[in-house]
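1. Got a predicted model here, sequence first, then my questions.
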Amino acid sequence: MRRHWGAITIFVIAAVLAFVWSVYVFLWFVSNAQSSGLVPSSLGLWTMGNLVSFVLYAILWELLLVGVPIAVAAFAAWRWWKGLPDVERTGYHFGGRSRSAGGSGGISLLLFIVFCIKVWVDGNWNVPISNFSLNYVVDSLVTILVWGLVIIGIPVALGLTWWIRHEMRRT
């Protein structure tokens with residue numbers, strides 16, 4: 001590491017600048033979203049349509065203005081790494097086993113997408129979210145969970161029944 005302290009310093013500075021740039025791009029997008037009329041300035045007037053379009057546009061702008069430069073920089077760093085002699089690269093131990101828990105697995109995103117579909121089917125897509133009652137939100141989530149259990153539970157029950165029957169015949 002002592003031989004490449006300059007490169008390490010550049011990587012650390014680049015990471016800090018990328019973080020600062022991503023925050024700046026998000027703040028820029030938020031101010032322009034309000035002034036351009038993409039979303040109302042009062043949160044009480046936001047609809048599900050406003051929320052979904054705001055999130056999608058924010059993701060697209062972040063990918064364009066932050067993700068592309070990071071991808072270019074990562075490619076340049078990878079080329080630099082591959083340019084090192086093999087003897088020097090084998091001295092560094094990157095990778096190996098991770099100790100992280102693995103995250104949520106996308107269940108929250110899936111529930112949000114299904115909730116958006118439920119709101120659209122109910123005809124509440126352009127109704128301000130502040131008009132949603134707690135009973136509507138809770139009933140929607142319970143309905144989503146019940147339908148999810150039905151959609152997943154029936155194939156699981158059929159597969160489990162088939163597997164038990166197959167195992168009983170085999171013995």
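-> Thanks, I have it.
2. just checking, what packs against the helix or strand harbouring Ala58?
-> Per DSSP states H and E, Ala58 falls inside helix 48-62. Counting contacts by 3 or more C-beta pairs under 8 Å, 6 or more residues apart in numbering; DSSP states H and E, helix 48-62 packs against helix 5-36, helix 107-121. Bear in mind the C-beta positions are built from the backbone N, C-alpha and C, glycine included.
3. starting at the chain centroid, how far to that helix?
-> Taking the mean of its C-alpha atoms, helix 48-62 sits 13 Å from the chain's own mean (C-alpha atoms, centre = their mean, to the nearest Å).
4. And for stretch 4-21?
-> Worked out by C-alpha atoms, centre = their mean, stretch 4-21 lies 24 Å from the chain centre.
5. now stretch 111-128
-> On C-alpha atoms, centre = their mean, the centre of stretch 111-128 falls 19 Å from that of its chain.
6. tell me the mean pLDDT over it?
-> What stretch 111-128 shows for mean pLDDT is 94.
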